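K.L.:
Need the 3D shape of this:
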Amino acid sequence: MSEDGDDAMNKYSRTLTQPKSAGASQAMLYATGLTEDDMSKPQVGICSVWYEGNPCNMHLLELSEHVKTGVESNDLVGYRFNTVGVSDGISMGTNGMRYSLQSRDLIADSIETTMGAQWYDGLIALPGCDKNMPGTVMAMGRLNRPSIMVYGGTIRAGTQPSTGDKLDIVSAFQSYGESLYDKITEEERKEIIQHSCPGPGACGGMYTANTMATAIEALGLSLPYSSSSPADSKEKRDECIRAGEAMKTLLKMDLKPRDIMTKAAFENAIRMVMMTGGSTNAVLHLIAMSRSCQNPDVAITLDDFQRLSDVVSTCWAAAKCMRKTETLLEMSNI
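P.N.:
Numbering: from 1, shown residues only. I've put the predicted structure just below:
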């Protein structure tokens, strides 16, 4: 494969790394630690929606380190960068929720901006919370450069110390009503909310985050089992490392998001949402994702959801299980 031909894996980054006239750009890249040999390697942008103030996202910086390890072990250059995020679970019921949906488009804009300005050849995105997933995929559709989404993973179930009962985010919601009706004491309420979320990961259930991760895996933009591997599991760390090998394969094949994001693929994603009883937010997100491909033959509409829901039955046994963190994690072992 020629480094100078149209089939070169560094077809974008070579704009900066190869011309003698781009000496200033190359000088700045050398300052980041690149060697002369690195200048001919493909460059991969590794974008995490990392911030500390949300369990869905607080571990993504660490996961991005594993992704970078996998990228560099496959003779690629990995550059990490970040984008913003909003926690729907934290901001829900407050004016902060007004920023939620717009964060999706801001994520897409910022990824497109960095990838375009830095001339990266491929993108590996690590989203965690609800609007993160469609935001990263919208950027992939716009850029149309080899891309993979590594889902940050779902949270594990909590445990109430005094009873041994399993807890999740719904337990925290319900504890308020239970305390109002004196079904639990104030001490029990505090115990529940302090132990409902035991560590990193998205809300455990078929809510927006897990719905979109599952749909995007069905769409074909993430590795197998990405949507079901828990956030703090060895499987999730291994997935991050494997993403580097997968990216090299995509670059060699020049396989781009719009090659994968076909009308048929979006219909598969819709079928998955219907079968699992996923979040209705999938409607607006999948429509926006399809439009990012800038192809009217790919764009889906509300009519597609109605048409497919008429023929795809919800697996209620699975859908019911997926509403609870504990059973959702059990299903990841199937």
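
K.L.:
CA only for contacts and neighbour counts going forward, please
P.N.:
OK.

K.L.:
need the helices for the stretch 201-334 of the chain, in chain order.
P.N.:
Counting by DSSP state H, counting those that start in this stretch, the stretch 201-334 of the chain has helices at residues 208-219, 234-253, 257-260, 263-276, 281-291, 302-309, 316-321, 325-331.

K.L.:
Tell me what the nearest residue to residue 148 once chain neighbours are set aside is bridged to.
P.N.:
With C-alpha to C-alpha, 6 or more residues apart in numbering as the criterion, residue 148 has its nearest non-adjacent residue at 4.8 Å, and that residue is residue 124. Per DSSP bridges, the residues bridged to residue 124 are residue 46, residue 148.

K.L.:
I'd say residue 124 and residue 43 touch.
P.N.:
No: here residue 124 lies out of contact with residue 43, judged by C-alpha atoms under 8 Å, at a distance of 11.0 Å.

K.L.:
possible to save the helices of the stretch 201-334 of the chain as TSV with distance to residue 111, mean pLDDT and mean neighbour count?
P.N.:
Listed next are the helices of the stretch 201-334 of the chain as TSV, based on distance: least, C-alpha to C-alpha, whole Å; pLDDT from 0 to 100; neighbours: other C-alpha atoms under 10 Å:
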stretch	distance to residue 111	mean pLDDT	mean neighbour count
helix 208-219	18	96	26
helix 234-253	17	98	20
helix 257-260	15	98	18
helix 263-276	22	96	21
helix 281-291	14	98	20
helix 302-309	27	97	13
helix 316-321	33	57	15
helix 325-331	30	62	19
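
K.L.:
Tell me which of those helices sits nearest to residue 32.
P.N.:
Proximity to residue 32 (C-alpha to C-alpha) singles out helix 234-253 among these, at 20.1 Å.

K.L.:
contacting residues around the closest one?
P.N.:
8-9, 63-64, 66-74, 76, 121-122, 124, 146-148, 150, 152-153, 223, 226, 229-230, 256 (C-alpha atoms under 8 Å, 6 or more residues apart in numbering).

K.L.:
so residue 8, which of the three states?
P.N.:
For residue 8, the assignment made with DSSP: H, G, I helix; E, B strand; the rest coil gives coil.

K.L.:
Quick check: residue 257 vs residue 294, distance?
P.N.:
Separation of residue 257 from residue 294 (C-alpha to C-alpha, to the nearest Å) stands at 12 Å.

K.L.:
joint contacts of the two?
P.N.:
residue 141.

K.L.:
any low-confidence regions in the stretch 101-250 of the chain?
P.N.:
Nowhere does the stretch 101-250 of the chain drop to pLDDT under 70.

K.L.:
With distance to residue 56 added, can I get the helices of the stretch 201-334 of the chain in CSV?
P.N.:
Below are the helices of the stretch 201-334 of the chain laid out as CSV (distance: least, C-alpha to C-alpha, whole Å):
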stretch, distance to residue 56
helix 208-219, 9
helix 234-253, 14
helix 257-260, 25
helix 263-276, 21
helix 281-291, 18
helix 302-309, 28
helix 316-321, 21
helix 325-331, 14
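
K.L.:
so what's residue 198 up against?
P.N.:
155-158.

K.L.:
Please convert the buried members of those residues into ChimeraX selection syntax.
P.N.:
A single ChimeraX command selects the buried members of the contacts of residue 198 (16 or more other C-alpha atoms under 10 Å):
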select :155,156,157,158
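
K.L.:
got the contacts of residue 198 as TSV, with distance to residue 265 and secondary structure columns?
P.N.:
Below are the contacts of residue 198 laid out as TSV (distance: C-alpha to C-alpha, whole Å; DSSP: H, G, I helix; E, B strand; the rest coil):
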residue	distance to residue 265	secondary structure
155	27	coil
156	30	coil
157	32	coil
158	35	strand
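
K.L.:
Just put the contacts of residue 198 in CSV and tack on distance to residue 96.
P.N.:
What follows is these, written out as CSV (distance: C-alpha to C-alpha, whole Å):
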residue, distance to residue 96
155, 23
156, 26
157, 26
158, 26
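
K.L.:
residue ranges of the strands in the protein, please?
P.N.:
43-48, 77-82, 122-126, 147-149, 158-159, 166-167 (DSSP state E).

K.L.:
related to what we said a few turns ago, between the helices of the stretch 201-334 of the chain, which one is closest to residue 180.
P.N.:
helix 325-331 (24.9 Å).

K.L.:
Give me the phi and psi for residue 53.
P.N.:
phi -80, psi 30 (degrees, to the nearest 10).

K.L.:
tally of neighbours for it?
P.N.:
12 (other C-alpha atoms under 10 Å).

K.L.:
Please tell me how far it sits from residue 85.
P.N.:
Separation of residue 53 from residue 85 (C-alpha to C-alpha): 10 Å.

K.L.:
what's the nearest residue to residue 91 if we skip its chain neighbours?
P.N.:
That would be residue 97: by C-alpha to C-alpha, 6+ apart, it lies 5.1 Å from residue 91.

K.L.:
What count of nearby residues applies to that neighbour?
P.N.:
The burial count for residue 97: 16, using other C-alpha under 10 Å.

K.L.:
let's number from 140 now, not from 1
P.N.:
Sure, I'll start numbering at 140, so the last one becomes residue 236.

K.L.:
Return the distance of it relative to residue 224.
P.N.:
From residue 236 to residue 224 the distance is 12 Å (C-alpha to C-alpha).

K.L.:
Fine, thanks again, bye for now.
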